[in-house]
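Asks: for reference, the sequence and a predicted model appear below.
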Protein chains: 2
Amino acid sequence: MQATGLLSGQRHWVTNTANLAALIYTKLHSDKSTHPKGSHVNWVGFYFVDPSDSKKLILGPFQGKPACTEIRIGRGVCGKCFADRSTVLVPNVHEFEGHIACDAASKSELVIPLIHPDGRFLGVLDLDSTVHEGFNDIDTAALEYIVKILVDSCDF
Amino acid sequence: MQATGLLSGQRHWVTNTANLAALIYTKLHSDKSTHPKGSHVNWVGFYFVDPSDSKKLILGPFQGKPACTEIRIGRGVCGKCFADRSTVLVPNVHEFEGHIACDAASKSELVIPLIHPDGRFLGVLDLDSTVHEGFNDIDTAALEYIVKILVDSCDF
């Protein structure tokens, strides 16, 4: 599996999250065969718990347009994932109360928590799509699996 | 200036280098008016001195395809910038001895050092282009200026 190869040999969390965001983006953005709606993923990246404020996420490595630098716990889709410690799949962001619009092109969103085996909440993997219902349960399961490999491959 | 606005309010080096890579990439990759050869920049990102090995750079935030995770001092264009502590502009990477080919599409490269006011070498900003002579002295001066703003805007 490509993600496993990409994440072997180096345990720095910045290096591995930067390369994993690029791998996911390259696969989901460029490869039209992966989704009936074509090349629809416009942002893939990470937010991490701010080391100086445990109620806030700060922007980590990503692929896509420049993004919001800080997200408070409970705010928007990432903030909900942070508060609930569980995956949030939003088929239509305009129907999600409190959605933070970093890129007006985004129409659906998937946010997966990064949780250390010791229980610490580390951050989130965030994906935006330019179509409604851009992500389904199969995408969610695959990305949750990849996030587990990532957490095991880094020293956090 | 957009870079100054983007880098204000948050001092974490990961957040700021991730967003700055995206701003530079968005400008140089998408805006055909900025270069007579069109949309030619295929990789923009950072390598930082490995905290566990001061003779090695490790991959930081970037925009573009997945990349080499580690670069030894003196190896390739980034490694030369690391060894010499000065900007390296390579009009044709295939004429540069020891060039590391992360993406076969890359034909020219510009690498700018990140040096802390206290003298510490922090890492490099690396840009790849799909055309020969993709970067000139004006690009170099502008990006060296942006790198100074970046270093002043982060806690390293």
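Replies: Perfect, I can see it now.
Asks: which residue ranges of chain A form strands?
Replies: A:41-50, A:53-64, A:70-72, A:88-90, A:108-115, A:121-129 (DSSP state E).
Asks: make TSV out of these and add distance to residue B:75, mean pLDDT and mean neighbour count.
Replies: (C-beta placed from N, C-alpha, C; glycine too.) Formatted as TSV, the strands of chain A follow (distance: least, C-beta to C-beta, whole Å; pLDDT from 0 to 100; neighbours: other C-beta atoms under 10 Å in any protein chain shown):
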stretch	distance to residue B:75	mean pLDDT	mean neighbour count
strand A:41-50	28	97	24
strand A:53-64	23	98	22
strand A:70-72	37	96	18
strand A:88-90	42	97	21
strand A:108-115	32	97	22
strand A:121-129	31	97	25
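Asks: looking at these, which is nearest to chain B?
Replies: Nearest to chain B among the strands of chain A is strand A:53-64; the distance by C-beta to the nearest C-beta comes to 4.2 Å.
Asks: got the angle for that closest one vs strand B:53-64?
Replies: Between strand A:53-64 and strand B:53-64, the angle comes out at 60 degrees (axes from the mean of the first three to the mean of the last three C-alpha atoms, to 10 degrees).
Asks: got JSON lines for the strands of chain A, with distance to chain B too?
Replies: Conversion of those to JSON lines gives the following (distance: least, C-beta to the nearest C-beta, whole Å):
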{"stretch": "strand A:41-50", "distance to chain B": "7"}
{"stretch": "strand A:53-64", "distance to chain B": "4"}
{"stretch": "strand A:70-72", "distance to chain B": "6"}
{"stretch": "strand A:88-90", "distance to chain B": "22"}
{"stretch": "strand A:108-115", "distance to chain B": "14"}
{"stretch": "strand A:121-129", "distance to chain B": "11"}
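Asks: want to try a markdown table for the ones you listed, with distance to residue B:139 as columns?
Replies: Formatted as a markdown table, the strands of chain A follow (distance: least, C-beta to C-beta, whole Å):
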| stretch | distance to residue B:139 |
| --- | --- |
| strand A:41-50 | 26 |
| strand A:53-64 | 22 |
| strand A:70-72 | 31 |
| strand A:88-90 | 40 |
| strand A:108-115 | 35 |
| strand A:121-129 | 30 |
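Asks: gap between the closest residue to residue A:120 other than its chain neighbours and residue A:67?
Replies: Among residues not flanking residue A:120 along the chain, residue A:156 sits closest, at 7.4 Å (C-beta to C-beta, 6 or more residues apart in numbering or on different chains). Distance of residue A:156 to residue A:67, given as C-beta to C-beta, to the nearest Å: 21 Å.
Asks: got the residue ranges for the helices in chain A?
Replies: For chain A, the helices defined by DSSP state H cover A:2-6, A:13-25, A:76-84, A:137-153.
Asks: distance of the residue nearest to residue A:120 relative to residue B:8?
Replies: Going from residue A:156 to residue B:8 by C-beta to C-beta gives 28 Å.
Asks: neighbour count winner among the two?
Replies: Per other C-beta atoms under 10 Å in any protein chain shown, whichever of residue A:156 and residue B:8 has more neighbours is residue A:156, with 15 against 12.
Asks: give the contact list for that one.
Replies: The contact partners of residue A:156, by C-beta atoms under 8 Å, 6 or more residues apart in numbering or on different chains, come to A:13, A:116, A:120, A:122.
Asks: residue A:51: neighbour count?
Replies: Count around residue A:51 with other C-beta under 10 Å applied: 9.
Asks: wait, what's in contact with residue A:63?
Replies: If a contact means C-beta under 8 Å, 6+ apart, then residue A:63 has A:21, A:22, A:24, A:25, A:29, A:43, A:44, A:45, B:63 as its contacts.
Asks: hang on, residue A:144 packs against residue A:111?
Replies: No. Distance between residue A:144 and residue A:111: 11.1 Å, which falls outside the contact criterion (C-beta atoms under 8 Å).
Asks: which neighbours do those two have in common?
Replies: Contacts common to residue A:144 and residue A:111, judged by C-beta under 8 Å, 6+ apart, are residue A:87.
Asks: okay, the helices of chain A, which one's buried deepest?
Replies: Using mean count of other C-beta atoms under 10 Å in any protein chain shown, the stretch among the helices of chain A with the largest mean neighbour count is helix A:13-25, at a mean of 24.
Asks: angle of that helix against strand B:53-64?
Replies: Using the same axes, to 10 degrees: helix A:13-25 against strand B:53-64 is 30 degrees.
Asks: output helix A:13-25 as PDB, nothing but the C-alphas.
Replies: Taking Å, rounded to 0.1, in the frame of the first residue of the first chain, the C-alpha atoms of helix A:13-25 are listed here in PDB:
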ATOM      1  CA  TRP A  13       5.100  14.200  12.200                       C
ATOM      2  CA  VAL A  14       5.500  17.300  10.000                       C
ATOM      3  CA  THR A  15       7.300  15.300   7.300                       C
ATOM      4  CA  ASN A  16       4.800  12.500   7.300                       C
ATOM      5  CA  THR A  17       1.700  14.600   7.400                       C
ATOM      6  CA  ALA A  18       3.000  16.800   4.600                       C
ATOM      7  CA  ASN A  19       3.700  13.800   2.400                       C
ATOM      8  CA  LEU A  20       0.500  12.000   3.300                       C
ATOM      9  CA  ALA A  21      -1.600  15.100   2.400                       C
ATOM     10  CA  ALA A  22       0.100  15.200  -0.900                       C
ATOM     11  CA  LEU A  23      -0.400  11.500  -1.600                       C
ATOM     12  CA  ILE A  24      -4.200  11.700  -0.800                       C
ATOM     13  CA  TYR A  25      -4.600  15.000  -2.800                       C
END
